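Undergrad: Predicted model and sequence follow; I will ask about them next.
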Amino acid sequence: MDRKLRNRIVLYLFLAVVLAFVLIKLSGRKPAPKISAVTPVRENLTSSISSNGKVEPISPYVMRAELNTFVEKVYPSEGQQVKRGQQLLELDVKDAAAQLAETRSKLLQAQDDLRAARAGGRADAAAKAAGDLANAQKERDRLQKNHEALLHLIAQEAATQDELATNDLALTRAQAEVTRLTAAKQEFERGVKLDRDRAVLQVEQLKNEAAALEDKVRQGRITAPADGTLYSLPVKAGDFVKVGDSLAEMADLHKVRVRAFIDEPDLGGLEENEPVKITWDALPNKTWSGKTEIIPKQVVQRNTRSVGELLCSVKNDKLELLPNINVNVRINSRERLGVLSVPRGAVEVEGGRRYVYVVKSNQLGVGKSTLEKREIHVGIADATNYEVVSGLEEGELVALPGDVDLRDGMNVIVVSTSVENS
């Protein structure tokens with residue numbers, strides 16, 4: 001065998017060994033997994049928040065009982081439209097009316113007593129006190145003059161000492177009576193002043209009592225304070241009501257307020273004057289429009305949820321939304337036009353960062369591609385898509401999750417592709 005032939009045989013054997021080795025290796029490999037992919041495109045995204053809420057009247061009027069009594073008559077029915085001044089209820093106020101009549105009589109007497117006290121007391125009593133004192137003073141003055149005359153007569157020996165003594169005794173008694181009647185008149189005047197002060201207080205007290213009773217009598221006739229809908233009428237004729245009990249509630253329901261319960265993670269996306277859509281399960285084909293008004297300033301516990309209470313104003317032109325009903329609330333918090341978007345399912349989160357697997361062509365195998373793990377930054381999101389702010393270019397192919405766990409550098413076979421918003 002010549003040398004050339006021998007070298008050729010050795011080369012063939014070597015190639016056969018290499019080929020066998022390659023075939024063995026290839027036969028031990030797992031086939032490349034098949035995946036689906038999507039091509040992100042530009043579209044309009046609207047980030048919305050959905051929750052539940054309760055309808056409330058904006059400026060309700062609540063009429064309450066001002067006295068313990070019975071309901072005599074109920075005029076309108078619940079849900080009826082009423083006009084300002086229209087009578088709604090009539091309460092039993094007979095006892096209050098009787099008390100008012102008695103109080104007014106006492107007030108007239110007290111006012112008469114006050115006028116007398118301001119005039120110096122009762123005319124007859126005041127005249128008697130002044131007259132008795134004046135008569136006593138006159139008698140004292142007369143005896144004093146007699147005393148002086150008797151002294152002159154005694155000097156002329158025309159009167160005796162006994163006559164002087166008798167006159168002086170009478171003079172002493174007269175002076176004592178003047179002193180007593182002066183004190184009595186002063187006491188009478190002090191009494192008149194006390195009576196005047198007492199009468200002033202009594203008149204004021206009786207006036208307040210009369211005013212309170214007049215208000216109670218007026219409260220027996222319950223009327224509508226404004227035009228609106230009588231949405232709550234919890235009493236009927238014959239019911240006993242106590243002070244503070246609710247008799248009726250009404251409001252203008254053409255514009256209502258919805259108290260929406262927003263979960264804590266969604267509170268950061270709320271702003272004033274954002275559009276709101278309201279739906280009610282009882283009228284599934286109806287939608288009501290409104291806007292956000294008061295953003296929550298605190299979080300409260302509501303059953304198992306931690307929520308903020310967002311207040312929204314809602315138009316209710318046909319008066320279909322009723323106070324206290326439970327509704328569904330959707331808030332269109334933010335909108336982006338013509339942004340690059342990627343499906344939520346294609347985005348993975350690790351340590352607060354978001355990643356996608358970009359499909360790159362692979363030159364080693366026909367029909368095979370390689371996955372590249374790439375970080376992206378996102379903006380707003382709707383129910384299905386994220387806005388891509390950076391990290392991904394328009395037209396690139398992004399792997400969708402399937403039966404296998406995707407990883408960086410994995411060889412895959414793309415069996416189906418779609419446009420993101422198709």
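TA: Received, thanks.

Undergrad: what's the burial count for Leu247?
TA: Neighbourhood size, Leu247 [other C-beta atoms under 10 Å]: 22. The C-beta positions use only the backbone N, C-alpha and C, and glycine is treated the same way.

Undergrad: That one and Val329, how far apart?
TA: Applying C-beta to C-beta, to the nearest Å, the value for Leu247 to Val329 is 32 Å.

Undergrad: Phe240 now?
TA: 40 Å.

Undergrad: same deal with Arg180?
TA: From Arg180 to Val329 the distance is 91 Å (C-beta to C-beta).

Undergrad: So between these two, which is more surrounded?
TA: Val329 (24 against 13).

Undergrad: my guess is that one contacts Val276, does it?
TA: Yes. The pair Val329 and Val276 qualifies as a contact (C-beta atoms under 8 Å) at a distance of 6.4 Å.

Undergrad: Residues in contact with both of the two, list them for me.
TA: Counting by C-beta atoms under 8 Å, 6 or more residues apart in numbering, the contacts common to Val329 and Val276 are 258, 260, 312.

Undergrad: Buried residues in the strand ranked longest in the chain, which are they?
TA: Looking across the chain with DSSP state E, the single longest strand is strand 326-343. By neighbour count with 16 or more other C-beta atoms under 10 Å, strand 326-343 contains the buried residues 327-331, 333-334, 336, 339-343.

Undergrad: Ok, stretch 201-213 next?
TA: So, applying 16+ other C-beta under 10 Å, buried residues of stretch 201-213: 202-203, 206, 209-210, 212-213.

Undergrad: Let's have those residues in TSV, adding distance to Lys138.
TA: Supplementary listing: those in TSV, determined by distance: C-beta to C-beta, whole Å:
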residue	distance to Lys138
Gln202	39
Val203	39
Leu206	44
Glu209	49
Ala210	49
Ala212	54
Leu213	54
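
Undergrad: for those, which one is nearest Asn44?
TA: Taking C-beta to C-beta as the measure, Asn44 lies nearest Ala212 of those, at 65.3 Å.

Undergrad: Can I get stretch 313-331 in CSV, CA atoms only?
TA: In CSV, the C-alpha atoms belonging to stretch 313-331 read as follows (Å, rounded to 0.1, in the frame of the first residue of the first chain):
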residue,chain,number,x,y,z
SER,A,313,-69.7,64.4,40.8
VAL,A,314,-72.0,62.6,38.4
LYS,A,315,-74.8,63.9,36.1
ASN,A,316,-78.1,62.2,36.8
ASP,A,317,-80.5,64.0,34.4
LYS,A,318,-83.1,61.3,34.3
LEU,A,319,-83.0,60.8,38.1
GLU,A,320,-82.1,57.1,37.6
LEU,A,321,-79.3,56.9,40.2
LEU,A,322,-80.8,56.6,43.7
PRO,A,323,-79.0,57.5,46.9
ASN,A,324,-77.2,54.7,48.8
ILE,A,325,-77.1,52.3,45.8
ASN,A,326,-73.9,50.4,45.0
VAL,A,327,-72.3,51.2,41.6
ASN,A,328,-69.3,50.4,39.5
VAL,A,329,-66.7,53.2,39.0
ARG,A,330,-64.2,53.5,36.2
ILE,A,331,-61.7,56.3,36.2
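
Undergrad: care to break this structure down by domain?
TA: 28-46+338-419, 49-59+252-334, 63-87+224-248, 94-219 (automatic domain parsing).

Undergrad: Do me a favour and get the end-to-end distance for the second one?
TA: For domain 49-59+252-334, the separation between the terminal residues is 10 Å (C-alpha to C-alpha, to the nearest Å).

Undergrad: Show the average pLDDT along it.
TA: For domain 49-59+252-334, the mean per-residue pLDDT is 91.

Undergrad: can you put the domains of the chain in TSV and add distance to Leu19?
TA: Output for the domains of the chain, formatted as TSV (distance: least, C-beta to C-beta, whole Å):
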stretch	distance to Leu19
domain 28-46+338-419	15
domain 49-59+252-334	60
domain 63-87+224-248	89
domain 94-219	108
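
Undergrad: Of those domains, which shows the lowest average pLDDT?
TA: Among the domains of the chain, domain 94-219 scores lowest, with a mean of 78.

Undergrad: Just the element for Glu293, please.
TA: strand 283-294 (DSSP states H and E).

Undergrad: contacts for that strand?
TA: 257-258, 270-280, 310-316, 320-321, 331.

Undergrad: try 6 Å this time
TA: Contacts of strand 283-294 with the rest of the structure, by C-beta atoms under 6 Å, 6 or more residues apart in numbering, involve 272-274, 276-279, 311-315.

Undergrad: Out of those residues, give me the one that has the most neighbours.
TA: Val276 (25 neighbours).
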